[in-house]
Every structure is written in structure tokens, then in C-alpha cells.
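Asks: Sequence plus the predicted model coming up.
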There are 4 protein chains.
Amino acid sequence: MPAASLTAFEPRKTPIQARSTITVEAISEATIQVLLTQGADRLTTTRVADRAGVSVGTLYQYYPNKRSLLFAVFEDHMNKVGRAVEVACEDAHNKPISEMIKLVVEAYVDVKMQSADVSVALYKVAPDVGGPALVKRTAQRLRKAIESMLLTAPDVKPSPDRFAIDMMLSAMSGAMRSALEAGASPAIFRKMREHLVLLCQSYMAAATAKGA
Amino acid sequence: MPAASLTAFEPRKTPIQARSTITVEAISEATIQVLLTQGADRLTTTRVADRAGVSVGTLYQYYPNKRSLLFAVFEDHMNKVGRAVEVACEDAHNKPISEMIKLVVEAYVDVKMQSADVSVALYKVAPDVGGPALVKRTAQRLRKAIESMLLTAPDVKPSPDRFAIDMMLSAMSGAMRSALEAGASPAIFRKMREHLVLLCQSYMAAATAKGA
Amino acid sequence: MPAASLTAFEPRKTPIQARSTITVEAISEATIQVLLTQGADRLTTTRVADRAGVSVGTLYQYYPNKRSLLFAVFEDHMNKVGRAVEVACEDAHNKPISEMIKLVVEAYVDVKMQSADVSVALYKVAPDVGGPALVKRTAQRLRKAIESMLLTAPDVKPSPDRFAIDMMLSAMSGAMRSALEAGASPAIFRKMREHLVLLCQSYMAAATAKGA
Amino acid sequence: MPAASLTAFEPRKTPIQARSTITVEAISEATIQVLLTQGADRLTTTRVADRAGVSVGTLYQYYPNKRSLLFAVFEDHMNKVGRAVEVACEDAHNKPISEMIKLVVEAYVDVKMQSADVSVALYKVAPDVGGPALVKRTAQRLRKAIESMLLTAPDVKPSPDRFAIDMMLSAMSGAMRSALEAGASPAIFRKMREHLVLLCQSYMAAATAKGA
DNA sequence: CATGAATGAGGTTTCATTCAT
DNA sequence: TATGAATGAAACCTCATTCAT
């Protein structure tokens, strides 16, 4: 599957009837299951359809091609992550900046850990499916939420710039990715959580100082 | 291509005659070229052989399957990165810790940027090819070099622990990956270089303080 | 093609729609045709599909691999032979033993001669296709039919044991195989028919005498 | 490999020098070893050469193609069988006919059992290699030896005709083939030995009576 | 709308054989 | 003569996608 731009992956039609919604969800869920139980290379549209209890034809009624299917699953996951971080940002408004960062990082780590298996599965298909583009889009979303949050910080003027936030986010997700792909233990993840907080706090402090 | 363990990728036979050494290098080089010009999904063994100016059969004399071929290319790249960082570590022995980190980070960023296109191409095939395992192995190698270096630091006792070093490395490579996949401009990379130094320095300081 | 056990050859899916039943039969028939007209070594899945007027993909919908296809054809043939012998056994119940043997041997010879070409073709693929296992299974089937028949013989107590029956069967099929592979003439086969009757009758008599 | 006539399998050159003879024997032996340890489908010319400790090129100096190699091995085996039966025939001259048959059958069974593994291996390659033709040739040889022997029998006039002898031989070898392919136990083979004697004796008696 | 049979291009891999060294 | 690197035709098989029912 050649790489493609973001716009090529939209689902074919928006389900309105109840039955359709159920079908779409079954397919989506089946995709994850197949990904987890069979692996990325054994994921075929037929297998997904079988697992979802529908025919391939039906699958193609809702997704124009295989990539749009995987993209949709990917997107769901990214939205979940996005929402979790946004909620954390909301909650952290007006708190001291180090507290803000702590909450955001913990929210991110927690949501990734909760869906550790899905995350790992998706890392494997990401390159074929427009992953980088979607990651970029999500990163922008997170950055915006964080910027808004930081503006409410009582103790830091000026707040860190876009670049620093992007750096922080990519460093954080990179570290999580390593750990997830390595199949790290819960104990490791607990320690990572602390250290990522530390990393982000200290970097933001340093970046702000420098920027000033 | 199903994922597999590291041991499954050994080349098939070691070139004896001079002729075959040339052949192996031609194949390896052709693999990168095809990866860059045609993309990961258009990389077929036939195409690689064509580009290398040999027959498919010849390719299979040296690599038992497609994955071993890609693995070899991946390994070359990782070794290049590994060597660059090790050299930087050597050079940084006995310097102050912040200088050490600066040199290491810059070495890493520079070597990745030099082979930006290969890096991006390899990100795409990594999951199918034993990428995570190889990344892990390389990370260990880098960590060891860094540990040795840190022991010579005149100004920090005790030196940061393994965990912190691994965190730093994964954060750093994650950030680079994001930038490379996004096709960042040289200007951006220059700024990243500075900020990654900052990020690593401040995190190491914080981690050391906390550990103490 | 490596040898394999009997269980590895099950067809892939059972035809549901009428269309597919036709397809399966066309493929099966085409396999025999290709075997006869092109020979065992020129039998490729593509050629079979072509001859059947379907695509290779369709062939693989019904047979998981080439061997299962040949196995199926082999099985059909063995079933045909099995049925012919069973019918003869039924008809021979309660007749004198020498008459029984005559009928069974003649039934066997006749059914093999009727499908002489298919037999010869199958001898060539048998080793690659689970032939020996299938032959064994069929031999058991024939032996059972013969045992039941012999129990109704009015003139022989006790009836010959399993071992003797197996001997008789393997001698008989071995002789037929030689003649078929040698491309014997109809005249030869007529003579063989008589002599095989003689051979089996005299052996059974001798074996019974000895066993008693 | 398409089937071919007997003449196409002659070795390329007759080794005269000592070294060549050694090489040819090494290759021949290696062929059997590969056949036994790896199976018919894994038998490649390269593997045979490796096992024999020579290069493929050398192999092709002595055998024009793969089939001639297998044919030669097959031929060796058949010659061994032929010789064994011929010797038995010699020894049986002038004895009563039932003793003759006993000795011949036992000689055949014994030589096949001694090389049981080779026999089984060769059954698998026979169809690809001119097996039937070679079998036919050997059968003629055996038949001649038996005819000569029978002419010296003091107790039977006229001696059985060619046809009956061929029948007996093909029945006997067919029965042995079944048992060998089924991997029969030594105990079974002992019993078979007795029963095959019985079978051949009683058939010859019957056939002679009928012919008269 | 749903089904699932059919498609067929295209991928990976093997291996008998050759021929320059 | 011996070597073994190179050849490349050809085999098997997969799977995203379509479309008649």
C-alpha cells in the first residue's frame, strides 16, 4: 500500500440507521481483534469481515478500501488520546505550571497504557495507513489544548512557545512508544510516568528560560 | 511479512570470491535506492535485483528471504548511528557532564540528519523486519557507551542510572523520528538540535538530583 | 512437495451456492484432464485453473494447496475402486468361496482397467500427495468388505485371516500396477484377469489350509 | 521432470581414473543419504554435491542431469536385487520346483528388507526418473533367470510360461512394496516371507496345471 | 442492502543448469 | 578438472476488490 495524504481515507458513508452503526462498530472492533490476535500481515479484509460476522461486501459498503478501515481505527485511537489530554488540560487550568505538566503527562501515559495492546498493534500498521499524517494532526490538537492551558498558568510569563511544546510531545510519545514496543512491565511504566513528568517539567522550565 | 526474532535474519552465505563481495554490496545499495525511489510497498525482491543488476536468484544466494535483506540494511544504518554516538562518547570523556550530553546529542542528531532519507524509508519497513528488536539492541549499545562516558565526568556523583539514560535516548530518538517523518526543514533541525541538548541536559540534571 | 499425513488435505470450503458446485467439479475434472494430457510434472495450479475455465484464485478458494487438489482426485478414484469392490462383495454373499474370489478379483481388475489412464496418471503423483496413506485406508475398506463376504461362505471354516486378505490385495494391486504402467494391451489384461483369479484362489486355499 | 525413455539416463562419462571412481561413488552414496534424511522433494543437486563433498559443477561432470543421477542410484539398487535373485536361481538348479520357488522368493524378500530404507526412498522418486522402464528391464532379467532355473526342475513338465512368471514377480514385488511403504515391522516381514512363498508356490502350481 | 464467488496481477522463492575463473 | 557464483524461468499462493445474485 503506497503512502497517501490524509484526505484519501474518509469512510465511504456516514451510517445513520441504527443497524449500520452497529455494523460499523463491529467491523472496527473486529479490525482491532484481528490485529491483536493475528498480527498486521495476517490482517485481510476477508478476515476482518469474518470476525465481524459480516461479508466482505458489507465491509466495502462502509470503507472504500483497506486503508480507510485501518485509518479509521487509527483515528479512533488518536481521538481517544486527544480527548484524554484535552480533558486533563481543562482540569489543569489556572494551576501552577509544573502541576499542569504533571497532569497532562500522566493523562497521556495513562491513556496509552490502558490501550497498550492496541497501541502496539497500530504502530505496526501506521506506516501503511497515513500514520505520520494523523500523528501530526493529533499533535497539533494536543498542542492547542496545552497552549490554552498554559495561558492560564499564574506563574509563568511568557508561556513556552509552540516549538517547545511540540518537542515535549514528540519526546514523550517517543519514549512511550519505545516502552510499549518493548513490552515493558507495569512497574517500568510506573517509573516512566514519574520520569516523563520530570523530563517534561525540566525541559519546559529550561526552554522557557532560554526563550526569555 | 510476520514479525520475527532477531536471529532469523542472518545472511545466507559469506562471500568468498571477490566477485560476490561486489554483488552483496550492489544488492544492499540497490535496496536503499529502491526504498527511496519507489517506497516501501513497491520494494520487491525482483525490483531490488534488477536495480542491482543481478538476477533474483543471486539475491537469494545471499539473503534467505526478503526480510533478511531489509534487516541487513536496517542493521547497517543502526550500526552507523551506533558508531557515531560511540565516537562522540569517546571524545567527551572527562568533560563536564553538560558538555558530554551536548556532544552526544549533537552527534546523534547529525548522523540521523545526514541519512534523513534512509531513516524515513526504514521507519516504514521497521515493523516488518525485526525493527523493534534491533532498535532495542542498538539502544543497549548506546547506553553502554554513555554509561562509560558518564563515569569519567569530573562533576557528577553518582552518575545517572540506566533507566534515566534509556529514557533520554528514547525521548531523543522519538523526537527525531517525528521531525524526520514530518519532513522538517534544515532550519527546524538546527533548532531541534539545540532544544534536544537542552532537554537532555535538564532531564539528566533532574534525574540525578532525584536519584540522589 | 513434502509428504504429509492424511488430515492435511481437506478441501477449504464447502460450496454453498449452486455456482460453486459447478466450479468445484470443473476444477476436479480439469485436474484429471491436465494429468492425462500434459503429465504429472506439467500439472500446475495455473494450468488446471485455465483448463477449468476459472482463475487460479478460484481454485484456491476450494483447495488450500496443490496437494489437496491432487489428493481429492486420488480420493475420488480410490472411492470408485472401493465401491466397485464392495458391490461385488455384496453380490457374492453366500456363494462358494472360489466364486467369491473370482467376482471380487474381476471387479477390481475391471474397475482399474476402465480407468486405466487415470490410474497410471495417479501412480505418478501418489508419492507427493499422501498416496500411500490413502492406499492403506482403501485397503482396509476393501478388506472389511471381503471379510464380511467370506463369513457368509458356505464351504470354508474358518475363513482366512486379515493378514492373508491383505496379502492377496497387495499382490493383486501390485500386479495390476505393473501391467498398467507397462501399458499392457487389452489381450494381456484379459489373460491377467484369469490368472489373478487363479492366483488369489490358490493362495487363499493354501493360506486357509495352513492356518487351520 | 517429464518422463523419458530408458536411453536418456546414461551417465555422462565412464570414470577410469581412481579419483573419479571415488567421486562417483561419493555422489551416489550422498544421493541415497539425502534421499533418506531429507526426502525426495528436498533432494537437490546442490545438496547432494555438498553432502558428497564436491561442487555442483563436479557432479555435472559425471551426470548430465538430475535424473540421470537418480536413475543411476535406482539402477544400482535394481542390479543388487537382480544379482541376489540370480544367485538364488543358480543355487536352486535341479531342485524340486517348490523348493526353487521358496529360495527365489526368500532371496527377493531378504534383499528388499536389507535395503528397506533405500527401497522406500526410491519408490518416491521412481515415477520421475524412469522407474517403470527400469522395473520392466529388471523384471525381464529376473524372469530369464527363473526360466533357466525352472528348466532344470526334475518334477515339472512343461515348466510355467513367461506370463505366469511375470505375474508371480509383479504380485510379489507389489506385496513387498505395500509392506515397505507401510513401514511394516520385522515380525510382519517374517510372516510375509512365508506367505509369499505359499502364494507363489500355489499360483505356479495352478498356472502350470491350467496351462497343461 | 447483503452476500460471497470470482478475479488475476503480482509477490516470494526454488533449483537445475551453465560457464568464467 | 574443479569450483561455485550466477542465472532466470517458472512454480505456488495471496488478497484487495468487484459485481451478479
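Replies: Thanks, I have it. Bear in mind the structure is a predicted one, so any value in this text is a computation, not a measurement.

Asks: How about the secondary structure of A:Gly183?
Replies: Using DSSP: H, G, I helix; E, B strand; the rest coil, the structure places A:Gly183 in coil.

Asks: what's the neighbour count on the nearest residue to it once chain neighbours are set aside?
Replies: Of all residues not flanking A:Gly183 in the chain, A:Val120 sits nearest, at 7.9 Å (CB to CB, 6 or more residues apart in numbering or on different chains). In this view, the C-beta of every residue, glycine as well, is placed from N, C-alpha and C. For A:Val120, the neighbour count with other CB atoms under 10 Å in any protein chain shown is 18.

Asks: where's A:Val120, which helix or strand?
Replies: Using DSSP states H and E, A:Val120 maps to helix A:116-125.

Asks: okay, that helix in PDB with CA atoms only?
Replies: The C-alpha trace of helix A:116-125 is given here as PDB (Å, rounded to 0.1, in the frame of the first residue of the first chain):
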ATOM      1  CA  ALA A 116      -1.300  -0.700  25.300                       C
ATOM      2  CA  ASP A 117      -2.100  -3.600  23.000                       C
ATOM      3  CA  VAL A 118      -4.000  -1.500  20.600                       C
ATOM      4  CA  SER A 119      -1.200   1.000  20.500                       C
ATOM      5  CA  VAL A 120       1.400  -1.700  19.800                       C
ATOM      6  CA  ALA A 121      -0.800  -3.100  17.100                       C
ATOM      7  CA  LEU A 122      -1.300   0.200  15.500                       C
ATOM      8  CA  TYR A 123       2.400   1.100  15.500                       C
ATOM      9  CA  LYS A 124       2.700  -1.800  13.100                       C
ATOM     10  CA  VAL A 125       0.300  -0.600  10.500                       C
END
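
Asks: residues in contact with the most centrally placed residue in chain A?
Replies: In chain A, the residue lying closest to the centroid (CA atoms, centre = their mean) is A:Met78, at 3.1 Å. Contact partners of A:Met78, counting by CB atoms under 8 Å, 6 or more residues apart in numbering or on different chains, are A:134-135, A:137-138.

Asks: Would you reformat these as TSV and include secondary structure, neighbour count and distance to DNA strand E?
Replies: Converted to TSV, the contacts of A:Met78 look like this (DSSP: H, G, I helix; E, B strand; the rest coil; neighbours: other CB atoms under 10 Å in any protein chain shown; distance: CB to the nearest atom of the strand, whole Å):
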residue	secondary structure	neighbour count	distance to DNA strand E
A:Leu134	helix	20	26
A:Val135	helix	20	26
A:Arg137	helix	15	29
A:Thr138	helix	20	30
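
Asks: What residue in chain A comes nearest to chain B?
Replies: Chain B sits closest to A:Gly174 of chain A, with a gap of 0.7 Å, by CB to the nearest CB.

Asks: In space, what's closest to that residue - neighbours in sequence excluded?
Replies: B:Gly174 (0.7 Å).

Asks: next one: A:Leu70
Replies: A:Val129 (4.4 Å).

Asks: What's the local residue count around the one you found?
Replies: 26.

Asks: Next, find the distance separating it from A:Leu35.
Replies: 11 Å (CB to CB, to the nearest Å).

Asks: ok and the helix or strand harbouring the residue of chain A closest to chain B relative to helix A:116-125, angle-wise?
Replies: Assigned by DSSP H and E, A:Gly174 belongs to helix A:162-181. Taking axes from the mean of the first three to the mean of the last three CA atoms, to 10 degrees, one finds helix A:162-181 and helix A:116-125 inclined to each other by 110 degrees.

Asks: Going by neighbour count, list what's buried in helix A:162-181.
Replies: For helix A:162-181, the neighbour count (16 or more other CB atoms under 10 Å in any protein chain shown) marks A:164-181 as buried.

Asks: Get me the contact residues on chain A for DNA strand F.
Replies: By CB under 7 Å from any atom of the strand, the part of chain A that sits against DNA strand F consists of A:41-46, A:56-57, A:60, A:65-67.

Asks: among these, which one has the lowest pLDDT?
Replies: In terms of pLDDT, the least confident member of the residues of chain A next to DNA strand F is A:Asp41, at 89.

Asks: on that earlier part again, residue contacts, the residue nearest to A:Gly174?
Replies: A:170-175, A:177-178.

Asks: List just the nearest of those to chain C.
Replies: Nearest to chain C among those, with distances taken as CB to the nearest CB, is A:Arg177, at 37.6 Å.

Asks: Assess the claim that that closest one and A:Tyr123 are in contact.
Replies: Yes - the pair A:Arg177 and A:Tyr123 passes the contact test of CB atoms under 8 Å, sitting 6.5 Å apart.

Asks: what's the lowest-mean-pLDDT helix or strand in chain A packed up against?
Replies: Here the helix or strand of chain A ranked lowest by mean pLDDT, DSSP states H and E is helix A:18-38, holding a mean of 89. Judged by 3 or more CB pairs under 8 Å, 6 or more residues apart in numbering or on different chains; DSSP states H and E, helix A:18-38 is in contact with helix A:45-52, helix A:56-62, helix A:66-92, helix A:116-125.

Asks: quick one: buried residues of it?
Replies: A:23-24, A:26-28, A:30-35, A:38.

Asks: who's in contact with A:Ile146?
Replies: Contacts of A:Ile146 (CB under 8 Å, 6+ apart): A:85, A:89, A:104, A:165, A:169.

Asks: Give me the pLDDT for it.
Replies: 96.

Asks: For the residue nearest to A:Gly183, list the residues it contacts.
Replies: A:180-181, A:183.

Asks: Try it again at 10 Å.
Replies: Remark: with contacts taken as CB atoms under 10 Å, 6 or more residues apart in numbering or on different chains, A:Val120 is in contact with A:35-36, A:177, A:180-183, B:127, B:132.
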